[in-house]
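In: What follows is a predicted protein model with its sequence.
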Amino acid sequence: GNSVTQMEGPVTLSEEAFLTINCTYTATGYPSLFWYVQYPGEGLQLLLKATKADDKGSNKGFEATYRKETTSFHLEKGSVQVSDSAVYFCALRSEISQFYFGTGTSLTVIP
Amino acid sequence: IAGITQAPTSQILAAGRRMTLRCTQDMRHNAMYWYRQDLGLGLRLIHYSNTAGTTGKGEVPDGYSVSRANTDDFPLTLASAVPSQTSVYFCASSPTGKKQGNEQFFGPGTRLTVL
């Protein structure tokens, strides 16, 4: 079956620190992979995506590479800001358009 | 372009009452979804619809019903609310088809409290 596992939080970092949020998946076929971000009191917004192996999604300084050999899609940012404080969700879209979400990782960036 | 709208924004409801959460999208997406979000549990799929006129059960469908009379609207009904249905509810939509990378678009959510 399909599933997504992401590292549990909460994660607290100082401003300008390096961020990694781990995400691994189980899937049949060739899924698409996504990272969503949820700011307090809001719905989820797409942060970045990758549709095939070795693709790198990037947006707002965040990056994630679709690694089929390790079934991973880890989110990284070189220098976090206070405004990056949010909950981050890793997600998978199967070949038949079903979506699977991780449980979310809360990030707090302190000045 | 509004995207996805949900109503109400928040609601406090007495247990046993009937409640319908509204969801409308203007992107002409075939697929629509209802999730609930609870602390520590992430998003859990309640019901979905792959196209107008069809619906399906998700991970936690009990106590909820949906209908999909047209492409744009996907209301979620709680026939007799219970306190365990206190949650934040998100509606989402997505294009269907074989194109990879079609993401889900989310509404702003409805915060429901059942007392």
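Out: Perfect, I can see it now.
In: Flag every residue of chain A that's near chain B.
Out: Contact residues (C-beta under 8 Å from any C-beta of the partner chain) of chain A with chain B: A:30, A:32, A:34, A:36, A:42-46, A:49, A:51-52, A:89, A:91, A:93, A:95, A:97, A:99, A:101-104. From N, CA and C alone the C-beta is placed, and that goes for glycine too.
In: switch to 7 Å and redo it
Out: Contacts of chain A with chain B, taken as C-beta under 7 Å from any C-beta of the partner chain, map to A:32, A:34, A:42-44, A:46, A:49, A:51, A:93, A:97, A:99, A:101-104.
In: Among those residues, which has the minimum pLDDT value?
Out: Lowest in pLDDT among these is A:S97, which has 79.
In: can you map out the strands along chain B?
Out: Remark: strands assigned in chain B by DSSP state E are B:4-7, B:10-13, B:19-25, B:31-38, B:42-49, B:56-57, B:64-66, B:76-78, B:87-94, B:105-106, B:110-114.
In: what is the rounded mean pLDDT of the last one?
Out: Per-residue confidence for strand B:110-114 averages out to 97 on the pLDDT scale.
In: ditto for the second one
Out: Here the mean pLDDT over strand B:10-13 is 96, rounded to a whole number.
In: As a markdown table, the strands of chain B with distance to chain A and mean neighbour count would be great.
Out: Below are the strands of chain B laid out as a markdown table (distance: least, C-beta to the nearest C-beta, whole Å; neighbours: other C-beta atoms under 10 Å in any protein chain shown):
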| stretch | distance to chain A | mean neighbour count |
| --- | --- | --- |
| strand B:4-7 | 8 | 18 |
| strand B:10-13 | 10 | 13 |
| strand B:19-25 | 11 | 19 |
| strand B:31-38 | 6 | 24 |
| strand B:42-49 | 4 | 21 |
| strand B:56-57 | 10 | 12 |
| strand B:64-66 | 16 | 19 |
| strand B:76-78 | 15 | 18 |
| strand B:87-94 | 6 | 23 |
| strand B:105-106 | 4 | 22 |
| strand B:110-114 | 9 | 18 |
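In: Quick one: closest of these to A:T71.
Out: Set against A:T71 and scored by C-beta to C-beta, those come closest in strand B:42-49, at 19.0 Å.
In: what does that closest one contact?
Out: Strand B:42-49 is contacted from outside by A:101-104, B:31-37, B:55-61, B:64, B:66, B:68, B:74, B:76, using C-beta atoms under 7 Å, 6 or more residues apart in numbering or on different chains.
In: Nearest to A:S3 among the strands of chain B would be which one?
Out: Of all the strands of chain B, it is strand B:42-49 that lies closest to A:S3, at 11.8 Å by C-beta to C-beta.
In: now that closest one and strand B:87-94, what's the angle there?
Out: Strand B:42-49 and strand B:87-94 are oriented at 50 degrees to each other (axes from the mean of the first three to the mean of the last three C-alpha atoms, to 10 degrees).
In: Using CSV, write out every CA atom in strand B:42-49.
Out: Coordinates of each C-alpha in strand B:42-49 appear next as CSV, following Å, rounded to 0.1, in the frame of the first residue of the first chain:
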residue,chain,number,x,y,z
GLY,B,42,-2.4,15.1,11.0
LEU,B,43,-5.0,15.1,8.3
ARG,B,44,-7.5,12.2,8.1
LEU,B,45,-9.7,11.8,5.0
ILE,B,46,-13.4,11.6,5.8
HIS,B,47,-15.0,11.4,2.3
TYR,B,48,-14.0,12.1,-1.2
SER,B,49,-15.6,12.5,-4.7
